[in-house]
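Asks: Provided below are the primary sequence and the corresponding predicted coordinates.
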Amino acid sequence: MHTDKKHAALADIFNKDEARVNWHDQTLWFVRAKRDRLTHDLPEWEVLRDTASQIKNHALSRLQHYLQEFEEQALANGVQVHWAADAEEHNRIVCELLKKKGIDRMVKSKSMLTEECHLNDYLAENGIEVIDSDLGERIVQLAKEMPSHIVLPCIHKKKEEIGDIFHEHLGTEAGVSDPQVLTETARQHLRDVFITRRAALTGVNFAVAETGEMVVCTNEGNADMGAHLAEIHIASMGIEKLIPKRAHLGVFLRLLTRSATGQPITTYSSHFRRPRKGQEMHVILVDNGRSRQLARPDFKNSLKCIRCGACMNTCPVYRRSGGHSYHHAISGPIGSILAPNLDMQKFADLPFASTLCGSCSNVCPVKIDIHNQLYKWRQELVKAGYTDKKKTIAMKLMASTLASPSKFKFAGKMGRITLKYAPFTVNNRFNPWYKGREMPEPPKQSFREWYKGRGDFGSS
Amino acid sequence: MRSALFLLFTFELFMSSRDKIIQAIKAAALEEVPLPAAVGNPITYEDPVQKFSDVAKAVGTSVLEAESHQAVKDHLMQTYIPEVQTRWGLEQPLRMVSTLPEMEGLAEQITDVALDPHSLENVDMAIMSAQFGVAENSALWVPETMIRVLPFICQHLVLLVDSRQILNNMHEAYEKMGLGDDSFGAFIAGPSKTADIEQSLVLGAHGPRSLAIYLMA
C-alpha cells in the first residue's frame, strides 16, 4: 500500500462505515475471547509464556552463534543457504533462483517477510507471476490490497465483497457470497496452481539451530501443497526466527495458535529438514533492519515476536481503525514498534496510534512489553524531530501553564468564559479536541473560587 | 591513516552479506542470558486417549476404533467409504492409495519413492499410519512416507495410530522424538480448513476435506 496518509487519516476512511467497524471490532474480540478460553485450559500457561520469552531472549543474545549453527546443519541437510542484508537483496536472490531455472510463475504461501520486502511487485517487474495461496491472501491479492492482519489477511472484507471479487476474477456467479461455495471455488482454482507451478515460496515460523529444520504452520495445507509439488522450494525467514533446540518447538507450538486464533494447534505443523529426492530447497536468511533493532536496547525485545497477532485482536485502536490504517505490512501494536525501525519518518505516526492501555503486553505469548516500547518510541521520535511540531508546542504550553499557579488560574477563567459566552469558537471542526467529543458544560466557579468562599456555605 | 581507511572501505565493499549480518549482530554486543529450564509439570490427562478423541472430534475429525488392520479394512469397505461417498456425493469408485501393505486389495500400494507426486492429484482417499498422537491438541506425527505430498493432496485422509502411542502434550512429543531424523514430517490435527471469509469455518481448504483416525487397540 503506497500512501502518504497517516494513521489518523486512514482510520477516518475505515470509520466512515460504522456498521463495518462494529463488525470488525466484535469479530476480533470474539477471536480474543477464544484465545482466553484456550489459555485458561492450561494451568501452566504463564510458565509457558515465561519460558518462551526466556528462550527468545537467550536466542537473541547468541544470535550469531545460532545463525552459524543453523547454517551448518542446513547445509549438511542439503539445503542451500542464502543471506540477504536487506529487502532488495532478498528479492534479487529469489528472482535469480527462479531465472536460473527458467521459471516465470511461482506459488507462495503466507510470508509476512515477503510482504515487508514487497517481493510480489519486484518479481512482477521482472516478469515473474506470483500467486498467493493462503485464501485470505489470495483474496487481498485479487483486490490489489495488502493483508490487513498478519493471521487473518482479509478480516476487513465482507463476504459480499469477496463474492464480487470472485465473480470478476474466478468466474463465480454474481451475488454468490456463501463462504462454503467461495472457498470451494478457491480450492479448485488454487489446486490447478499447485499442480502447475515448478517453484514454491513459503515463510518460516520457527527455524531450529541444532537440526537445521524449518517449521511452517498452516491450517489450509497450502504451504505443503506448494512445496511438495514444486521442484524448487524457497523458504524466506527473518534472522530472528531461530530457536536453539528442537525441544523448544514444544513450547512455541503450544503458544502460537492458542494465542493467534484460539485453536490448540494449527492443522499442519510441517517440519522441513531435507529436500525430497530431485528437489532443491533454499533458505534465505534476511536481516532488513533486524540487526539494527537488536542494537537498540529499548526495542530489541520486539524481535521475540512469533507473529501470532494476539496484540492486534485485543487492541482497542486496531479493532476500530482496521489494519490498513497502519500503512505497513505488519499492522497493530507490534507493527507499530517494528515499522519505525525500518523508516522513522514514514512510520512516525504509528507509536501514537495507541491508548497505551497495555492489553497487548498482557496477551503477548512471548511477553514483549509492547505498550512500553510504544511509549519509548514516542520519545525517540519527538527527540529526532519526526513528530508534529504543533503538538510539541501545545504540549510545552500546557506544561508551562500547569507549572504556574497564576497562568493556570488565568487559563481556567478564560476557558470558563469561552465555554459560557462564546462556545461556537471551540465547538467547531477547527478544534481537533471537538472531533468525536462534546465540550463540557462550564462550571460556575473554579475549585479555588469555591474554596475561598466556602465559609459562606455554613462551614463551622 | 588514509590507506587504512581505504582498506576498511574496500573490505566493507567486498564483505559478503553473511559477514555483514554477523558483524552487525556482534556489534550489538548483547550480554548472553541463560536458557530457561524446561517447562515443569505440563498438563497430563487421566485418560489421554479420551482427551485425544474429544479434541479430535471438536475439530471435525472422525475417531474410530479397531482391533486389527483387517478390522480397519472391513470397516472402511463396509461403513466408512460408503459414508464418505454419500456425504460428498461421490458416485464413481474412489481412487484409494496406501503406504500400508496391510491395505493391499483395498488400496493401490505406494511403494516407489521416485513416483511423480503430481500423479497423486486425483487420489480420493489415502490410508497411512501416524507414529503417535498428542492428547492436548489431537495432533498426529506423520513422517514422510514414500511420497511427501500424499497426506496433503488426497481428498480424504485416513490415519492409523496405536492407541498406546497417545502422549499427553507437545513436550512429551518432542522428548519422544529427540533430534529425530525424518527428512520431512508434520503434525496433522484435523482436516484442512480455513476461516478467512468472515471467520466462517470451512473444512477442506487445500488439503483433505476429511480426516478419519483409527485408534488401534
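Replies: Cool, got the structure.
Asks: which residues of the stretch 101-250 of chain A lie near chain B?
Replies: A:133-136, A:139, A:152-155, A:158-159, A:162, A:179-180, A:182-184, A:187, A:190-191, A:194-195, A:210-211, A:219-222, A:224-225, A:228-229, A:239, A:244, A:246-247, A:249-250 (Cβ under 8 Å from any Cβ of the partner chain). The way it works is simple: take the backbone N, C-alpha and C, and place the C-beta from them, glycine included.
Asks: ok, now with 6 Å
Replies: Those residues of the stretch 101-250 of chain A that sit near chain B, judged by Cβ under 6 Å from any Cβ of the partner chain, are A:135-136, A:159, A:162, A:179-180, A:182-183, A:195, A:211, A:219-222, A:224-225, A:228-229, A:246-247, A:250.
Asks: can you give me the neighbour number for B:Gln70?
Replies: 10 (other Cβ atoms under 10 Å in any protein chain shown).
Asks: per-residue pLDDT, it?
Replies: Predicted confidence (pLDDT) for B:Gln70: 97.
Asks: out of the residues of the stretch 101-250 of chain A next to chain B, list just those in strands.
Replies: Judged by DSSP state E, these include no members of strands.
Asks: among those, name the buried ones.
Replies: Buried members of those, counted by 16 or more other Cβ atoms under 10 Å in any protein chain shown: A:135-136, A:162, A:179, A:182-183, A:211, A:219-222, A:224-225, A:228-229, A:246-247, A:250.
Asks: distance of the single nearest residue of chain B relative to chain A from A:His228?
Replies: Going by Cβ to the nearest Cβ, chain A is nearest to B:Gly207 of chain B, at 2.9 Å. To A:His228, B:Gly207 is 11 Å away according to Cβ to Cβ, to the nearest Å.
Asks: now do the shared contacts for the two.
Replies: Shared contacts of B:Gly207 and A:His228 (Cβ atoms under 6 Å, 6 or more residues apart in numbering or on different chains): none.
Asks: count of residues packed around residue 138?
Replies: Picked chain A for this. Count around A:Arg138 with other Cβ under 10 Å applied: 25.
Asks: sorry, should have said chain B
Replies: Counted by other Cβ under 10 Å, the residues lying close to B:Ser138 total 27.
Asks: that one touches B:Val55, doesn't it?
Replies: Yes - in this structure B:Ser138 lies within contact range of B:Val55 using Cβ atoms under 6 Å: 4.0 Å.
Asks: before we move on, the earlier item: tell me the SS of the residue of chain B closest to chain A?
Replies: Recorded secondary structure, B:Gly207: coil (DSSP: H, G, I helix; E, B strand; the rest coil).
Asks: what's the burial count for it?
Replies: B:Gly207 is flanked by 28 other residues according to other Cβ under 10 Å.
Asks: how much space separates it from A:Cys217?
Replies: Relative to A:Cys217, B:Gly207 is positioned 13 Å away (Cβ to Cβ).
Asks: cool, and A:Asn77?
Replies: Going from A:Asn77 to A:Cys217 by Cβ to Cβ gives 20 Å.
Asks: okay, these two: which has more neighbours?
Replies: Using other Cβ under 10 Å as the criterion, A:Asn77 and A:Cys217 rank with A:Cys217 on top: 24 against 16.
Asks: so the more buried one sits in a strand?
Replies: Yes - using three-state DSSP, the assignment for A:Cys217 is a strand.
Asks: what helices and strands are in contact with the strand or helix carrying A:His24?
Replies: In the assignment (DSSP states H and E), A:His24 maps to helix A:18-40. In terms of contacts (3 or more Cβ pairs under 6 Å, 6 or more residues apart in numbering or on different chains; DSSP states H and E), helix A:18-40 is packed against helix A:248-260, helix A:310-314, helix A:316-321.
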